[in-house]
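[1] fold the following and give me the result.
(one chain, ligands or ions: 1)
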Amino acid sequence: MSNYHIKHLEEYFQVYRKSVRYPEVFWEEVAEEHFLWRKKWDKVLEWDFTKPEIKWFQGAKLNITENCLDKHLYIRGDKTAILFEPNNPDEEAQHITYNQLHERVCRFANVLKSKGIQKGDRVVIYLPMIPELAVSVLACARIGAIHSVVFAGFSSTALSTRINDCQAKMVITSDGSYRGSKTIDLKGIVDEGLEDCTTVENVLVAKRINSDIDMKSGRDHWLQPLLDNAPTECAPEIMDAEDPLFILYTSGSTGRPKGMLHTTGGYMVYTAYTFKNVFQYKENDIYWCTADIGWITGHSYIVYGPLANGATTVMFEGVPSYPDYGRFWEIVQKHKITQFYTAPTAIRALAKENLDYVNKYDLSSLRVLGTVGEPINEEAWHWYNDNIGDKKCPIVDTWWQTETGGILISPVPFSTPTKPTYATLPLPGIQPALMDENGNEIKGNSVEGRLCIKFPWPSIARTIWGDHERYKNTYFSAFDNKYFTGDGALRDEVGYYRITGRVDDVIIVSGHNLGTAPIEDSINEHPAVAESAIVGFPHDIKGNALYGYVILKETGEVRDRDNLRREINQLITDHIGPIAKLDKIQFVPGLPKTRSGKIMRRILRKIASKDTSNLGDTSTLLNPEVVELIIKDAL
Ligand code: WT7
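    The predicted structure is shown next:
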């Protein structure tokens, strides 16, 4: 039996049982066999969910980039590490070998050092999906700087909030980015954001679109000349297993984004282990995850997990609809992709288009298909299975979170029989529990509850940067001695899990995790707005779309409502980004509130989804009359 590579269902059960009975033995074996450590750990695990404090492989020394790069140079130095597919299909793809990537990372790391970046400093990376993004991430890790990648679709305000929260010393960006037929002025957004920041000393600028941009002297530097002059070797900084690797922001139930902190050793072990098993990765595979490295999916399953396994990982700069809706499938054919990992929202969007876009291409290289980010509906699952996988490729519906660092619940393909809309079984080391509203664990099968995890796994986030109290309150306070995920789930008659969706104030739109509070905060900044409430409602492609209920300040005054709607959406775009725009905005005289002043979102959700036949218990409402008024004018 091999802990590291599960090949059939019986083996999965054996490995799983061992991982639960002897978690430390299990993870120690995985860690020992497959990674380069400069020094072994003194203790595999120390944990206390009440504090909460979690430490894996304490005392061990390593550098994650030695495991992602140096380790491979002898045996696969000339193998492609990163396969870059540009936005424009006429531009040539780039095959960056492990040798080349190693050199590029070392040069970049030396540039960071020359600009004063040291171990523990925070570096914000705001780049499109070009090779420099992966290289800069690894360069930070090489010298022990903490990277914080901000998705390059976020606005200047969202960027500056994150820079300020982690007190970044440097920003890495580009002159601009390509997105389908459009270009985006990234550097302009950075300049605007930096007006509100005082900690940033240097900005490194990669050239991508050759636009004419302002370079602030003393602060801004073109990256390429610095790289050209940098030494090609950079000794890795030797890190402790629990030293921070990166901060990645995710939205929460207050306006401030949460900087989830991931550390080095456990994160490496878990992402590498899950990549190997969930994608059944083999040496000559060409693996493609369509996510952006700005999200956790890209961190764990474009960069670290695949590279730790010596894989070829594809980075795609473009969008699924450019130059037409066949782009994904054209790329699958062109590079003979073996594993393809995407989001349900992309599948739904492509399923709407003519099947000729799929049938034109030879997809026979595919072996495993994956989805992530939100529940996948049955129809999309079958479309994916029939038309992309030709009914031969198992679909891994992978459930996890920014906070979990890696995939927690997923089929192991060719072992776990799949079931549409089910993430199926916990991976080795993961101990899920379903909880009822009174805080009791619901045992047995065919039950539904709130999804918690009872035992730590190596890649769980260790804290929220600068706010450990919030970390404790958000994840460890709802249920005693358990990590609370914020999701609801059901367990079917054989023990398979199906994620039913968020049970808190987070809404997943097109696979993006959006907190209602930051959106409401942006709307409330409009001078005409008194109060607002956001809920999600079902949407064909996006999964959920946003519905806003807005109370205006001066009642009675006639205004141009459509103009007001545009202004509100512009505010949201400025504060967060276009992904958080509202599909519907209803102006209302009031919001349904409980006597304690809490908005009853349950009712607003029902109205938004046009399901008002049974509103449930409304006896605690302070102002029941307002509900009728809202229903009357619902959009
Ligand atoms: C939330 C986490 C993990 C990478 C992308 C999202 C939802 C994620 C699934 C799935 C149903 C899913 C959950 C989770 N989610 N994967 N396979 N089935 N729901 O990371 O932005 O931190 O969002 O995404 O609601 O809590 P994230």
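[2] could I get the phi/psi values of the spatially closest residue to residue 285 that is not a sequence neighbour?
    Nearest residue to residue 285 in three dimensions, chain neighbours excluded: residue 338, at 4.1 Å (C-beta to C-beta, 6 or more residues apart in numbering). In this view, the C-beta of every residue, glycine as well, is placed from N, C-alpha and C. Geometry field for residue 338 lists phi and psi as phi -100, psi -40, criterion degrees, to the nearest 10.
[3] contact partners for residue 338?
    Counting by C-beta atoms under 8 Å, 6 or more residues apart in numbering, residue 338 touches 282, 285-287, 365-368.
[4] look up how far residue 368 lies from it.
    Between residue 338 and residue 368 the computed distance is 7 Å (C-beta to C-beta, to the nearest Å).
[5] next: residue 426.
    Taking C-beta to C-beta as the criterion, residue 426 is separated from residue 368 by 19 Å.
[6] quick one: name the residues of the protein near the ligand.
    Within reach of the ligand by C-beta under 6 Å from any ligand atom, the chain has these residues: 250, 295-297, 372-375, 397-402, 423, 485-487, 499, 502, 508, 513.
[7] rewinding a little: list buried residues within the contacts of residue 338.
    Buried subset of these (neighbour count, 16 or more other C-beta atoms under 10 Å): 285-287, 366-368.
[8] give me the pLDDT for residue 255.
    According to the model's per-residue confidence, residue 255 sits at a pLDDT of 66.
[9] circling back to that earlier point, farthest-separated two in the buried ones among the contacts of residue 338?
    The most widely separated members of the buried ones among the contacts of residue 338 are 286 and 368, with 11.9 Å between them, by C-beta to C-beta.
[10] pLDDT value on the residue of the stretch 451-600 of the chain found nearest the ligand, please?
    Nearest residue of the stretch 451-600 of the chain to the ligand: residue 513, at 3.2 Å (C-beta to the nearest ligand atom). Residue 513 is assigned 86 on the pLDDT scale.
[11] residue 252 too?
    Each residue has a pLDDT score; the one for residue 252 is 70.
[12] how many neighbouring residues does the nearest residue to it once chain neighbours are set aside have?
    Beyond its immediate neighbours in the sequence, the residue positioned closest to residue 252 (C-beta to C-beta, 6+ apart) is residue 258, lying 4.7 Å away. For residue 258, the tally of surrounding residues (other C-beta atoms under 10 Å) stands at 26.
[13] you'd agree residue 258 is up against residue 463?
    No. Taking C-beta atoms under 8 Å as the definition, residue 258 is not a contact partner of residue 463, at 9.9 Å.
[14] among the residues of the chain next to the ligand, which are in strands?
    Per DSSP state E, strands hold the following members of the residues of the chain next to the ligand: 250, 372, 397-398, 485-487, 499, 502, 508, 513.
[15] of the residues you listed, just say which sits nearest to residue 44.
    For these, the nearest to residue 44 is residue 485 (24.1 Å; C-beta to C-beta).
[16] run through the bridge partners of the closest residue to that closest one other than its chain neighbours.
    Closest residue to residue 485 in three dimensions, ignoring its sequence neighbours and counting by C-beta to C-beta, 6+ apart: residue 451, at 4.7 Å. Per DSSP bridges, residues listed as beta-bridge partners of residue 451: residue 434.
[17] any idea how far stretch 475-483 is from the middle of the chain?
    For stretch 475-483, the gap between its own C-alpha mean and the chain's C-alpha mean amounts to 22 Å (C-alpha atoms, centre = their mean, to the nearest Å).
[18] from one end of that stretch to the other, what's the distance?
    End-to-end distance of stretch 475-483 (C-alpha to C-alpha, to the nearest Å): 5 Å.
[19] can you give me the buried ones in it?
    Along stretch 475-483, the positions that meet the burial threshold by neighbour count (16+ other C-beta under 10 Å) are 475-476, 478-479, 482-483.
[20] could you pull up the mean pLDDT of it?
    Confidence over stretch 475-483 (mean pLDDT, whole number) is 96.
[21] cool, stretch 35-44 as well?
    pLDDT averaged over stretch 35-44 equals 98, rounded to a whole number.
[22] endpoints of it, how far apart?
    With C-alpha to C-alpha applied, stretch 35-44 spans 15 Å between its terminal residues.
[23] now do it: everything it contacts.
    Stretch 35-44 is contacted by residues 24, 27-28, 31-32, 55-63, 66-67, 70-71, 238, 241, 265, 268-269, 272, 308 when judged by C-beta under 8 Å, 6+ apart.
[24] ok, now with 7 Å
    Residues from elsewhere that reach stretch 35-44, judged by C-beta atoms under 7 Å, 6 or more residues apart in numbering: 24, 27-28, 56-62, 66-67, 71, 238, 241, 268-269.
[25] where does the stretch 51-200 of the chain dip in pLDDT?
    Scanning the stretch 51-200 of the chain with the threshold set as pLDDT under 70 gives no residue ranges.
[26] buried residues in stretch 120-133?
    Applying a neighbour-count criterion of 16+ other C-beta under 10 Å, one finds 121-133 buried in stretch 120-133.
[27] first-to-last residue distance for that stretch?
    Its start and end residues considered, stretch 120-133 measures 19 Å (C-alpha to C-alpha).
[28] same deal with stretch 230-239?
    Across its full length, stretch 230-239 reaches 23 Å between end residues, using C-alpha to C-alpha.
[29] in the stretch 401-550 of the chain, which spans are helices?
    Using DSSP state H, counting those that start in this stretch, the helices of the stretch 401-550 of the chain run over 468-475, 516-524.
[30] go on, the stretch 201-350 of the chain?
    Per DSSP H, counting those that start in this stretch, the stretch 201-350 of the chain carries helices over the ranges 223-228, 265-278, 296-298, 305-308, 327-335, 344-351.
[31] who's in contact with the third one?
    The set of residues that contact helix 296-298 without belonging to it, under C-beta under 7 Å, 6+ apart, is 248, 289, 291-292, 372, 402.
[32] of those, which is the nearest to residue 560?
    When those are compared for distance to residue 560, the smallest value, 36.4 Å, is given by residue 292; criterion: C-beta to C-beta.
[33] my read: residue 434 touches residue 442, true?
    Yes. If you go by C-beta atoms under 7 Å, residue 434 and residue 442 touch, sitting 4.6 Å apart.
[34] quick check: what element follows the longest helix anywhere in the chain along the chain?
    For the chain, the helix reaching the highest residue count under DSSP state H is reported as helix 98-114. Sequence-wise, the next helix or strand downstream of helix 98-114 (DSSP states H and E) is strand 122-125.
[35] with just CA atoms, put that following strand into CSV.
    Presented in CSV, the C-alpha positions along strand 122-125 are these (Å, rounded to 0.1, in the frame of the first residue of the first chain):
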residue,chain,number,x,y,z
ARG,A,122,5.2,41.5,2.5
VAL,A,123,5.1,41.9,-1.3
VAL,A,124,1.8,42.5,-3.1
ILE,A,125,1.6,41.0,-6.6
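[36] neighbouring strands for that strand, and are they parallel or not?
    Partner strands and pairing direction for strand 122-125 (DSSP bridges) are strand 146-149 (parallel), strand 170-174 (parallel).
[37] got the contact list for residue 432?
    Applying C-beta under 7 Å, 6+ apart, one finds that residue 432 lies in contact with 409, 426, 451, 453, 497.
[38] my guess is the fourth one contacts residue 483. True?
    This means residue 453. Yes. At 4.5 Å, residue 453 counts as touching residue 483 under the criterion of C-beta under 7 Å.
[39] low pLDDT regions in the stretch 251-400 of the chain?
    Screening the stretch 251-400 of the chain residue by residue with the criterion pLDDT under 70, one finds the ranges 253-255.
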